[in-house]
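**Q** Predicted model and sequence below, questions to follow.
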Amino acid sequence: NTVMSIPLPQLISTKAWEIFLDHDERWEVYRVKAKERPHLLLQLSTSVEGEKACDDDEDCPVPLTDGCDIPGWRRECVMDISPDVQSALNLGASSFYFRRNRQWPLVKSSSICWDQMMSTLSRPPLVLPPTILCEEFAEQIEWEGGKRTTKFAWEWERRNRPVVIENCTNSWKAMPGSRTVHGKEQRGWTFDQLVKRFRDVSWRFSDNHGETMYLSTYSKYVRSVEGLTDDSPLAVYDAEFGDDEATAVLLDEYSVPPCFSQDLFELALSKKRPPYKWILIGPARSGTGLHIDPLWTNAWVTVLQGSKRWMLFPKETPPVEIGMQEPQIPSVIWFRDYYDKVTAKDWPIEWKPVEVLQQAGETVFVPNGWPHLVLNLQLTVAVTHNYASEFGPFKRMWKEVMTEEQEFGQAWLDGLKNSRRDLWDAVQSYSL
């Protein structure tokens, strides 16, 4: 249960600024946290209320010189905070404690809550999800009117059911150890390798705000007392990776698995489209809260390092019964508060979730309209795409695109007219 314990040889050779966040890095973390979960910003008050939430940036306190200044990120006490740990949260690279590395605090904390959750969630679910091989379902088949699609699309996208797919990464450079080049094993997208390659590149944490953080700073954060004790630590969620010169090479290191059907959004006569691809990086206890993917799209998620625990609920499950709300309940808190409820014997069979324990190299297919959440059980790196399938509720998809993304919708309509006249004809009969 050691939260932060530096081996003696490393203590002798390591500088404080290699371990602890400096002023600028501390401010990077604060800015992202403030935008990521503004409802957790707390301002100390001398009034009887004790604490009050900040409504805007101007009302919020500036961060401390070194330490964590948003205690709301630890308010659920997923990680038990000892006095030593609490004091270490106010230490940073410029602290007088670090004039000599022998003065650095070695802080320990127990975590009964997280240890118990890990013990449960690291075990395979009682009912294993179906698992298939990518190559067996990449086969092309003919269907209505001589059109062709994949066996996977016909058997799984059409049924709209979750499934685990193996062997999607066989040819990926991104998959650690998956292949050799000139006798050398590919190191792939491990967190440490990504930090080495892109430490001075800024990464995004949400589609809802533009705050970014250098990967070098993030690496310090996840290994600091703050990152190790936050209830649900920050996680990289970047839909713009590969779009700049610095990270463009990443797009050549993986590919869309061949079992999936054509992404209809690719037919749009516009390079600009709603976010659809993300690189996901996060430590244990980070994850994605309960949500439904936008625009009635399907998704696939491939883990390259680490492991994830999934819960996927049928479309008809009432949101109020499973805690689907805004702001989202962090997935680690959801598993603590809702997991026993939705896996109990008296839980309605028609709302029964599909549970997945996803390991590195596995791909999870997320069908459209299914509420789902994901929890990282350890430091995890993954890549995901959303795509529009003609085997989904096409009419609903069309109406939502024209309501939420009108400019893109028009470009998509023009593309359908050129490439899929059958779908363009269908759209002509729809009314918004």
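**A** Structure's in. What do you need? As the structure is a prediction and not an experimental result, all values here were calculated from the model.

**Q** Assign Asp340 to helix, strand or coil.
**A** helix (DSSP: H, G, I helix; E, B strand; the rest coil).

**Q** So it versus Leu312, what's the distance?
**A** To Leu312, Asp340 is 18 Å away according to Cβ to Cβ, to the nearest Å. C-beta coordinates here come from the backbone N, C-alpha and C atoms, glycine included.

**Q** The two: which is more packed in?
**A** Taking other Cβ atoms under 10 Å, Asp340 and Leu312 do not tie; Leu312 has more neighbours (21 against 11).

**Q** Looks like the more buried one contacts Asn368 (just checking).
**A** No - checked against Cβ atoms under 8 Å, the pair Leu312 and Asn368 is beyond contact range at 11.6 Å.

**Q** distance from the centroid: which residue in this protein tops it?
**A** The outermost residue of the chain relative to its centre, with distances by Cα atoms, centre = their mean, is Gly145 at 39.3 Å.

**Q** excluding its backbone neighbours, what's nearest that residue?
**A** Among residues not flanking Gly145 along the chain, Asp422 sits closest, at 7.4 Å (Cβ to Cβ, 6 or more residues apart in numbering).

**Q** can you give me the helices for the stretch 1-150 of the chain?
**A** Taking DSSP state H, counting those that start in this stretch, the helices of the stretch 1-150 of the chain run over residues 8-13, 16-19, 23-36, 83-88, 112-121, 134-137.

**Q** Show me what counts as buried in the longest one.
**A** Read it as helix 23-36. Across helix 23-36, burial judged by 16 or more other Cβ atoms under 10 Å covers 25-26, 28-36.

**Q** For it, name the packing helices and strands.
**A** Contact analysis of helix 23-36 by 3 or more Cβ pairs under 8 Å, 6 or more residues apart in numbering; DSSP states H and E lists strand 212-214, helix 215-223 as its packing neighbours.

**Q** what sits up against the longest one?
**A** If you take Cβ atoms under 8 Å, 6 or more residues apart in numbering as the criterion, helix 215-223 is touched by 19-21, 25, 28-29, 191, 194-195, 198-203, 213, 227-228, 233-234, 236, 281, 283, 379.

**Q** Filter the residues you listed down to the buried ones.
**A** So, of those, 19-21, 25, 28-29, 191, 194-195, 198, 201-203, 213, 227-228, 233-234, 236, 281, 283, 379 end up buried under the neighbour-count rule (16+ other Cβ under 10 Å).

**Q** now, which of the residues you listed lie within strands?
**A** Those of those mapping onto strands are 202-203, 213, 236, 281, per DSSP state E.

**Q** And the residues you listed, which two are furthest apart?
**A** Across those, the longest distance by Cβ to Cβ is 13.3 Å; it joins Ser202 and Ile281.

**Q** related to what we said a few turns ago, what residues of the host helix or strand of the residue nearest to Gly145 count as buried?
**A** For Asp422, the enclosing helix or strand under DSSP states H and E is helix 421-427. Judged by neighbour count (16+ other Cβ under 10 Å), helix 421-427 contains these buried residues: 423-424, 427.

**Q** Glu362: which of these is nearest?
**A** Taking Cβ to Cβ as the measure, Glu362 lies nearest Leu423 of the buried residues of helix 421-427, at 32.1 Å.

**Q** List the residues that contact the closest one.
**A** 264, 390, 394, 416.

**Q** Would you agree the third one is in contact with Ala426?
**A** Yes - taking contacts as Cβ under 8 Å, Phe394 lies within contact range of Ala426: 7.1 Å.

**Q** Would you map the helices across the stretch 151-300 of the chain?
**A** With DSSP H, counting those that start in this stretch as the criterion, the stretch 151-300 of the chain has helices spanning 151-152, 191-198, 215-223, 225-229.

**Q** of these, which approaches Gln406 most closely?
**A** Per Cβ to Cβ, nearest to Gln406 of those: helix 151-152, 31.6 Å.
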